[in-house]
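Student: would you be able to build a 3D model of this:
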Amino acid sequence: MRNRNEFVQLIDRYRLGQAQRLSIGATLSDDFSTLQSTLVLAEGRGKFLRVRWIEGRQVEIPESIAVACRQAVSDAQFLMRDFAQLRVDLTRAMATGVNQMAAVSGVHANMLMVVCIDEPGIGIRDYDGSLAWQPFCEPETLAEMTGLTIVDSLPSRDLAAGGRGGPFTPLPAWLLFADRNCTIAEQPRLLVDLGPWTELTWLPESDGLDDDLPAIRFQRLLGTGFEAELLRELGTECGIAEPIAGQAAAEPHQGIIDLLLQFGMQHELNRKLPNADAMSALVQQVVKVVNAEGLAPNTASYSLAAYIVEAADRFVKKRDSTAKMRLVPGGKLIDEGQLGVALKQKFQVAWLDCQPMNYDASYLRASTAAICGLMHVDQMPITIPWISGSEMPRVLGRLTPGSPAHWRRVIMDMGDCRPPVMKLREAV
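Tutor: This next block holds a predicted model:
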């Protein structure tokens, strides 16, 4: 006679073996001032995941905590005792946003798998140039305050595998936006994520028959972080993310564009970001050109947009045919802004219709973090060696259990997951 507990387990597996799962992604801004969280709905597993954006929320981090976090990043002598307390204070503030987003799931809370945290952390470079990464979020505190299972510390495993600790958005972005029509996939897409750094991601089409990682490509350019410092020096507020309507038109300046392109080639932004002194020196060079030639202040902004478009054109020309390409907005990029209009005019292609997935571009990072959490549950590597520099693809993140009931659901879901087929060399 079969054990009664075995039947209970079978019933639980049937009840919890949902075709759909929910995941929360939570991201701290680079200046620690805001926490964005988003809820995504997913069907399928691993590389065959289909994702839809559900809802996004943003909460403000208390100013005193944000200031202390920025100080901890910039001050090498920040006391460990103060840092430990700061982690707890910041995590408690983050729990507010995560709980708000968890409440959105309502009656479907049993479908909520994990919360994945993506935060700046502190990069610590050793005497030999090797990089270590220290997180701000304390997952034990967050798991206790929310009752949810936490996935965090994404960069650590990539660094241990010889990578640069990121980026991690390319593969989740491919799962979210790529043309994966099983009948005929023929539409490549270019994701333009406008943030402190502008990040271009080439998302090739796929009919699902490819065994290896898709041929995703990635390029990092100057972005709004550089722009903010430049606009302060010039005393103008005309930014590349602002709608063109109501702005005084200006022509890009080729000399400024060449300066920006040269800076990107000198510093290889994909591999190593320039220090603050190098960025400030570039700002002063641009300001000097504007003042010397008596240019309008917003010329610098139009030149920055033209630089990004030129760099994107060079990036795309290395890919396949772009006749059927679609543009995908991310971060602060909007269609009617300077950069959005310039990109559309350059490539003469349409923006991707994101309405079916109910996607909000400003929550891109949080959305990709939510997918990273599901990838961890599905035991799917998300590192792309030729982008992050790691030796092999690796499953990223660490799990911190939530409440016993929630942790049990996650363990059962992971136990029922069939890991993806991998080449022997990659699996070792």
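Student: got the domain boundaries for this structure?
Tutor: Split into domains by automatic domain parsing, the chain comes to 19-164+363-427, 175-357.
Student: using CSV, lay out the ones you listed together with mean pLDDT and mean neighbour count.
Tutor: Yep, even glycine has a C-beta here, placed from its N, CA and C like the rest. Below are the domains of the chain laid out as CSV (pLDDT from 0 to 100; neighbours: other C-beta atoms under 10 Å):
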stretch, mean pLDDT, mean neighbour count
domain 19-164+363-427, 88, 19
domain 175-357, 85, 17
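Student: mind telling me what element the residue sitting nearest the centre point of the chain is part of?
Tutor: The centre of the chain sits closest to residue 365, judged by C-alpha atoms, centre = their mean, with a distance of 3.5 Å. Under the criterion of DSSP states H and E, residue 365 resides in helix 364-377.
Student: for that helix, packing partners?
Tutor: strand 20-28, strand 34-43, strand 50-60, strand 112-118, strand 150-152, helix 170-177, strand 326-331, helix 404-415 (3 or more C-beta pairs under 8 Å, 6 or more residues apart in numbering; DSSP states H and E).
Student: and residue 380, which of those is closest to it?
Tutor: helix 170-177 (8.6 Å; C-beta to C-beta).
Student: just the angle between that closest one and strand 326-331, please?
Tutor: 120 degrees (axes from the mean of the first three to the mean of the last three C-alpha atoms, to 10 degrees).
Student: now the angle from helix 170-177 to strand 34-43?
Tutor: Using the same axes, to 10 degrees: helix 170-177 against strand 34-43 is 60 degrees.
Student: if we can go back for a sec, could you dump the helices and strands packed on helix 364-377 into TSV and include distance to residue 264?
Tutor: As requested, the helices and strands packed on helix 364-377 are exported to TSV (distance: least, C-beta to C-beta, whole Å):
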stretch	distance to residue 264
strand 20-28	25
strand 34-43	27
strand 50-60	30
strand 112-118	25
strand 150-152	31
helix 170-177	19
strand 326-331	18
helix 404-415	41
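Student: so which of these comes closest to residue 234?
Tutor: Using C-beta to C-beta, the helices and strands packed on helix 364-377 put strand 326-331 closest to residue 234, at 22.6 Å.
Student: after the closest one, which helix or strand is next?
Tutor: helix 338-347.
Student: helices and strands around that following helix, which ones?
Tutor: With contacts taken as 3+ C-beta pairs under 8 Å, 6+ apart, helix 338-347 sits against strand 189-194, helix 298-317, strand 326-331.
Student: with distance to residue 230 as extra columns, can I get those in JSON lines?
Tutor: Below are these laid out as JSON lines (distance: least, C-beta to C-beta, whole Å):
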{"stretch": "strand 189-194", "distance to residue 230": "15"}
{"stretch": "helix 298-317", "distance to residue 230": "6"}
{"stretch": "strand 326-331", "distance to residue 230": "18"}
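Student: check contacts around residue 372.
Tutor: Residue 372 sits next to 25, 116, 118, 151, 154, 168, 172, 382, 396, 397 when contact means C-beta atoms under 8 Å, 6 or more residues apart in numbering.
Student: make it 10 Å
Tutor: 23, 25, 114, 116-118, 151, 154, 168-169, 171-172, 380, 382, 396-397 (C-beta atoms under 10 Å, 6 or more residues apart in numbering).
Student: distance check, the residue lying closest to it once chain neighbours are set aside against residue 85.
Tutor: The shortest distance from residue 372 to any non-neighbouring residue, by C-beta to C-beta, 6 or more residues apart in numbering, is to residue 116 (5.0 Å). Between residue 116 and residue 85 the distance is 25 Å, computed by C-beta to C-beta, to the nearest Å.
Student: what do you get for residue 109?
Tutor: Distance from residue 109 to residue 85, by C-beta to C-beta: 32 Å.
Student: over to residue 198?
Tutor: 36 Å.
Student: starting at the chain centroid, how far to the longest helix belonging to the chain?
Tutor: Longest helix of the chain, by residue count under DSSP state H: helix 80-104. On the basis of C-alpha atoms, centre = their mean, to the nearest Å, helix 80-104 is displaced by 20 Å from the centre of the chain it belongs to.
Student: now it and strand 112-118, what's the angle there?
Tutor: 140 degrees.
Student: which other helices and strands does helix 80-104 contact?
Tutor: In terms of contacts (3 or more C-beta pairs under 10 Å, 6 or more residues apart in numbering; DSSP states H and E), helix 80-104 is packed against strand 20-28, strand 34-43, strand 50-60, helix 63-74, strand 112-118, helix 139-146, helix 364-377.
Student: OK, contacts around the residue nearest to residue 293 when sequence neighbours are not counted?
Tutor: Sequence neighbours aside, residue 253 is the residue nearest to residue 293 in space, at 7.7 Å (criterion: C-beta to C-beta, 6+ apart). Residue 253 makes contact with 259, 286, 289, 290, 293, 295, 296, 299, 300, 302, 303, 306, according to C-beta under 10 Å, 6+ apart.
Student: which ones are touching the fourth one?
Tutor: The neighbours of residue 290, taking C-beta under 10 Å, 6+ apart as the test, are 230, 233, 234, 253, 255, 256, 296, 297, 298, 299, 300, 303.
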